[in-house]
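[1] Give the three-dimensional model of this entry:
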Amino acid sequence: MSTTNGGPQPQLAMPQIGVLAQYVKDFSFENPHAPRSMAPSPQQPAINIQINVDAAPMTGTDVEVALRIEGKAESQGMLLFSFELVFAGVFRIQNVPADSLQPVILIECPRLLFPFAREIIASAVRNGGFPPLLLEPIDFVALYRQRLAAAQPSPGSQPLNPN
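    Numbering: from 1, shown residues only. Take a look at the predicted model:
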């Protein structure tokens, strides 16, 4: 044990992420052409999925993170089904350095939410009369990098000058 000025040296506290709550914030499932759309088709439907993550601070240590997943399935020009899910959670983040806070919020928190959102979507699609849609795992690191790249000014662009 090392000492400083005769007393014990303080130890750094371990980073912590606590899930205070998780919930469906918004959910919609549409099956506009049922029962016609549920007829067997030799062609696999085209499935389009879009994912976004948003965060809003609540207190000094608490943040709400919302995972938005939108999707639709089409076959031969017909919309089979569509859905939109906003699944959110309130996280208490403590002892995380300021330069690591944004990646923790936009990568680790949605990673904790995703399995629950995936189950909600699979069940809704199955309850709509289709085989369950089992979403592949999401690379939240790549999604975060895309977000950073989109926020960067393009090379050669000039900042706006108010004068």
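
[2] from here on, contacts and neighbour counts on C-alpha atoms
    Noted.

[3] Just want the most central residue of this structure.
    The residue lying closest to the centre of the chain (C-alpha atoms, centre = their mean) is L67, at 3.2 Å.

[4] From A142, how far out is that residue?
    In this structure, L67 and A142 are 15 Å apart, going by C-alpha to C-alpha, to the nearest Å.

[5] and if you look at I120?
    Per C-alpha to C-alpha, I120 is found 23 Å from A142.

[6] just to revisit the earlier point, tell me who's in contact with the residue nearest to the centre of the chain.
    I51, N52, V53, D54, L85, V86, F87, A88, P110, L113, F114 (C-alpha atoms under 8 Å, 6 or more residues apart in numbering).

[7] Could you check the pLDDT of the residue nearest to it when sequence neighbours are not counted?
    Closest residue in space to L67, ignoring its immediate chain neighbours: V53 at 4.8 Å, by C-alpha to C-alpha, 6 or more residues apart in numbering. Here the pLDDT value assigned to V53 is 97.

[8] repeat for Q9
    According to the model, Q9 carries a pLDDT of 55.
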